[in-house]
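Peer 1: Mind looking at a prediction? Sequence and model below.
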Amino acid sequence: MSMLLAKAFERWRRAEPRRPATVRRYRNALGRLARLGIVRVADATRDRVERAQSDLLERGWSESSVRSEMICLRSILRFLDDREELADGQLAAVRKVALKRKTARRRRTRFLTHDEFEALAQGAARLLPRLELPLRVAVLAGPRVGELARIRAEDVRDGALSIVTRPEWGELGSCKTGERVIPVCRELQELVDKRLPKTGWWFPAMKCYRRDQLTRPFVSRSTLERALRKLRRALGVEEITWTILRHTRASWWVQGGASIYKVADWCGHNVATAELYYASLTDGYDPECEKSSELERARPIVAPTVAKPRPFLYGPPPIGYQHGPNGVGVEVNVEGALTVRLVFSLYLKCGSVMKVVRDLMARKIPSPTGRARWHHETVRAILRNRAYLGLVVLDGEDRPGVHQAIVDRAIFDRVQKGLAENDTRRSVAADAKPARRVAT
């Protein structure tokens, strides 16, 4: 008998820490899908999912709401597919009927002027005093809201703010793009000297939640988001989010003369994303921002006088490589290179990405992010990465890089052939599988 979706949901919920709001949203979505006839895992076929989407749209649901419901369903199915407990091609068939966006997602966001932000901060000081300092730190340093909540006073030293991972306090909201260093501007240094705590968490949890402080001594991400929504309603201002405050900091850096490469490092973006958002700032924003001399006095991530080669174009080097001394150049990381070669050899031996994942976790080899659990997409990305041949891909063409190859061409070609055959086999199985008839 096929597994109930409710049981699969409970397994998904217990597999990793989940935010309570996410758990409630998924439980409610699965309850609505059950009333539409999708009760068991086997019921999530292409025809039934397509019919459920049509029913919701006919009832007046917006496309974004229907898309959100189906994201919940696909997350559960992907969880089962990762453990090879789903029928071949079932997840691919469900993905094919997903609603597509009619318009391209807006890739630029709004930035605040200094006057606009100062009005917001003064409103917070008058209405929600506990929110004023988080707002000022967010717009002066540019961290993500989860990183903002986890900042400690000890993270500021030598004129720089270090954004560090804190896995002991949970993965959600931590720095998802790795550790980085952000320069401390004059206004932020004044806050550090006069108003922010000298030790411990900058934004501790409220005292009324003492039981929660045993597991989370800092203010939660959801608390900050709710407080900002409450402030917006009270002031009657338009949509302003923590992401807009983060992009405001980056736009001020760019307007102040900082290079796109520096802004990308400070924000945890790759250079392509930073160029998309900040390279062509529209007219009408505040031209008064920090001078480049102040930015140059702050400690950057790498030596500012030496141009850092970027053999992988944008972002940090993949597993198996590391930056050279003082962040200049790229060299082979011996431990990471051994892991990469092991991934290729395991795939040639077993021919299955999931088997490679299980083998790596059985050997207790850490993932590229340092965690014990590997994801099949991580292994697949390693197997398809042409950087391990000593190449870079520019405009769709392979070009020689400045880094050393760590995988032989013959081995790489055999792996690509095996991946292509597996993809073809799955696609054929998904198309050939007959749809189940639903008794009426």
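Peer 2: Nice, I can see it.

Peer 1: how about the helices in the stretch 301-440 of the chain?
Peer 2: Applying DSSP state H, counting those that start in this stretch to the stretch 301-440 of the chain gives helices spanning 334-350, 353-362, 376-384, 409-432.

Peer 1: Between the ones you listed, which one is closest to residue 79.
Peer 2: Within the helices of the stretch 301-440 of the chain, the stretch nearest residue 79 is helix 376-384; the backing value is 11.5 Å (CB to CB). Backbone N, C-alpha and C define where each C-beta goes, glycine included.

Peer 1: Mind giving me the packing neighbours of the closest one?
Peer 2: For helix 376-384, the packing partners by 3 or more CB pairs under 8 Å, 6 or more residues apart in numbering; DSSP states H and E come out as helix 334-350, helix 353-362, helix 409-432.

Peer 1: okay if I get the ones you listed as TSV plus distance to residue 36?
Peer 2: What follows is the helices and strands packed on helix 376-384, written out as TSV (distance: least, CB to CB, whole Å):
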stretch	distance to residue 36
helix 334-350	39
helix 353-362	31
helix 409-432	22
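
Peer 1: Could you dump these into a markdown table with mean neighbour count added?
Peer 2: Formatted as a markdown table, the helices and strands packed on helix 376-384 follow (neighbours: other CB atoms under 10 Å):
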| stretch | mean neighbour count |
| --- | --- |
| helix 334-350 | 17 |
| helix 353-362 | 18 |
| helix 409-432 | 13 |
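
Peer 1: sorry, back to before: for the helices of the stretch 301-440 of the chain, which one sits closest to residue 117?
Peer 2: Here helix 376-384 is closest among these (CB to CB), at 38.2 Å.

Peer 1: And the strands in the stretch 251-400 of the chain?
Peer 2: 321-323, 330-332, 391-394, 397-400 (DSSP state E, counting those that start in this stretch).

Peer 1: weakest of the ones you listed by average pLDDT?
Peer 2: In terms of average pLDDT, strand 391-394 trails the rest of the strands of the stretch 251-400 of the chain, at a mean of 72.

Peer 1: Return the alpha-carbon coordinates of stretch 48-64 using PDB.
Peer 2: Taking Å, rounded to 0.1, in the frame of the first residue of the first chain, the C-alpha atoms of stretch 48-64 are listed here in PDB:
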ATOM      1  CA  ARG A  48      -4.100  14.700 -10.500                       C
ATOM      2  CA  VAL A  49      -1.700  17.500  -9.700                       C
ATOM      3  CA  GLU A  50      -2.800  19.300 -12.900                       C
ATOM      4  CA  ARG A  51      -6.400  18.800 -12.000                       C
ATOM      5  CA  ALA A  52      -5.800  20.100  -8.500                       C
ATOM      6  CA  GLN A  53      -4.200  23.200  -9.800                       C
ATOM      7  CA  SER A  54      -7.100  23.900 -12.200                       C
ATOM      8  CA  ASP A  55      -9.600  23.400  -9.300                       C
ATOM      9  CA  LEU A  56      -7.800  25.900  -7.100                       C
ATOM     10  CA  LEU A  57      -7.600  28.500  -9.900                       C
ATOM     11  CA  GLU A  58     -11.300  28.000 -10.600                       C
ATOM     12  CA  ARG A  59     -12.100  28.700  -7.000                       C
ATOM     13  CA  GLY A  60     -10.400  32.100  -7.300                       C
ATOM     14  CA  TRP A  61      -6.900  31.300  -6.100                       C
ATOM     15  CA  SER A  62      -4.100  33.400  -7.500                       C
ATOM     16  CA  GLU A  63      -1.300  31.700  -9.400                       C
ATOM     17  CA  SER A  64       1.300  32.600  -6.800                       C
END
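
Peer 1: which of the strands of the stretch 251-400 of the chain sits most buried?
Peer 2: strand 321-323 (a mean of 19; mean count of other CB atoms under 10 Å).

Peer 1: and that one, which strands flank it?
Peer 2: Paired strands of strand 321-323, with direction, are strand 330-332 (antiparallel) (DSSP bridges).

Peer 1: isn't residue 140 right next to residue 191, touching?
Peer 2: Yes: Residue 140 is in contact with residue 191 according to CB atoms under 8 Å; the separation is 7.3 Å.

Peer 1: of these two, who's got more company?
Peer 2: Under the criterion of other CB atoms under 10 Å, the comparison of residue 140 against residue 191 puts residue 140 first, with 24 against 17.

Peer 1: wait, what's in contact with that one?
Peer 2: Taking CB atoms under 8 Å, 6 or more residues apart in numbering, we find residue 140 in contact with 185, 187-188, 191, 249.

Peer 1: Apply 10 Å and report the result again.
Peer 2: Going by CB atoms under 10 Å, 6 or more residues apart in numbering, residue 140 touches 117, 161, 182, 184-191, 245, 248-249, 252, 290.

Peer 1: Next: residue 239.
Peer 2: With contact set as CB under 10 Å, 6+ apart, residue 239 has these partners: 110, 229, 232.

Peer 1: quick one: which of those residues is nearest residue 336?
Peer 2: Distance to residue 336 across the contacts of residue 239 (CB to CB) is lowest for residue 110, with 39.6 Å.
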